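Student: predicted model and sequence follow; I will ask about them next.
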Amino acid sequence: MPARLRVFPAISRNRDPKKYVGELMRVAEFADRNGFEGILLFEGNDVFVEPWAMAQHIMAATTRSSPLIAVNPVYMHPFTAAKFVSSFAQLYGRKVYLNMITGTAISDLQGLGDDQSHADRYVRLGEFVALMRQLLSSPRPVNADGRFYRASNLQLRPRLPTELMPEFLIAGQSDAAQRVAEEAGCIKMQMLPPDLDRGLNAQGMNFGIFARETGDEARQAAKSRFRDNPDDRELLALTVENSDSVWKRRLYEGQSGELQDNGYWLLPYLTFQADCPYLVGSYTEIGAKLKAFAAKGLTTVMLDMVADQTEMQHVCKAVAASGLF
């Protein structure tokens, strides 16, 4: 039987800073009570609260949550990230997961003075992961002589216990991203493919779930919740234009917003209401699909979720129907 799925909820896009922290905490506390691994925390110039600060806020308010924290080398040195991981381990006795990214808006990269090419940003990311791992695990001072990071007798104290070592995820879909994920031993992530399990080729997947007792109820409720809007589509178009992200462009180009017979639905992404496709169906249908995904090697899910108590309960029922949660 496949291993238990590790599921990390993420809230759908929130453009209101007054509601951001409250929604994150509502999802984090729900996740903690209901057996989710932790909660995904985004990084970027447009993120209202720094994810490391939000992670500490969440860990202080929960009993078992292990946040999945986005880390972009453009914002932080590997030693600083390693120090945060070590600090959380000492404060809460819990591991964290790290979602390693290189992307942000092109205009933000320009504003930060970062002129590295897409490929070179992944070279830097690989060096970042390698140095972090060494700092967290080595009993001796670390030396490194890379293109982007150098270290001379650099040591992090205390050494992190093996069971609290972070796991690294990479969601990028470019050749450079895939190469670094392979070389660095990171968990590869992918978007939910339109043909579902036949397109699965990674340990991790990113998608949302919209579920009800029956498939018809789910489809009707989903269409009511996520409505098409030309202004929202235009906002996504502007975002894609200001990005060199391969996965964003692949999702955006040549895709339909129609809800497919197999439950695949891209409209929430195309209308800038989510960062991934959705899977729509009954609890039983979605549970069976999750079980099929796991049978093909899926272990980790970044799960887009509407920050509403009722909707989160529907998601729980669908995930539980897999028998792997």
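Tutor: Perfect, thanks for sending it.
Student: strands of the stretch 51-200 of the chain, residue ranges please.
Tutor: 68-71, 97-100, 142-145, 150-154, 167-170, 187-191 (DSSP state E, counting those that start in this stretch).
Student: would you format the ones you listed as JSON lines with distance to residue 33, mean pLDDT and mean neighbour count included?
Tutor: From N, CA and C alone the C-beta is placed, and that goes for glycine too. Below are the strands of the stretch 51-200 of the chain laid out as JSON lines (distance: least, Cβ to Cβ, whole Å; pLDDT from 0 to 100; neighbours: other Cβ atoms under 10 Å):
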{"stretch": "strand 68-71", "distance to residue 33": "18", "mean pLDDT": "97", "mean neighbour count": "25"}
{"stretch": "strand 97-100", "distance to residue 33": "19", "mean pLDDT": "98", "mean neighbour count": "24"}
{"stretch": "strand 142-145", "distance to residue 33": "39", "mean pLDDT": "98", "mean neighbour count": "14"}
{"stretch": "strand 150-154", "distance to residue 33": "40", "mean pLDDT": "98", "mean neighbour count": "13"}
{"stretch": "strand 167-170", "distance to residue 33": "23", "mean pLDDT": "97", "mean neighbour count": "22"}
{"stretch": "strand 187-191", "distance to residue 33": "25", "mean pLDDT": "93", "mean neighbour count": "21"}
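Student: any idea which of the ones you listed gets closest to residue 110?
Tutor: strand 68-71 (20.2 Å; Cβ to Cβ).
Student: immediately after the helix or strand of the chain with the lowest mean pLDDT, which helix or strand?
Tutor: When the helices and strands of the chain are scored by mean pLDDT, DSSP states H and E, helix 246-252 comes last with a mean of 72. Counting by DSSP states H and E, the next helix or strand C-terminal to helix 246-252 is strand 264-265.
Student: okay, now the unreliable bits of the protein?
Tutor: 1, 12-13, 246-247, 254 (pLDDT under 70).
Student: can you add distance to residue 197 and give the strands of the stretch 51-200 of the chain back as TSV?
Tutor: Listed next are the strands of the stretch 51-200 of the chain as TSV, based on distance: least, Cβ to Cβ, whole Å:
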stretch	distance to residue 197
strand 68-71	23
strand 97-100	23
strand 142-145	40
strand 150-154	43
strand 167-170	20
strand 187-191	12
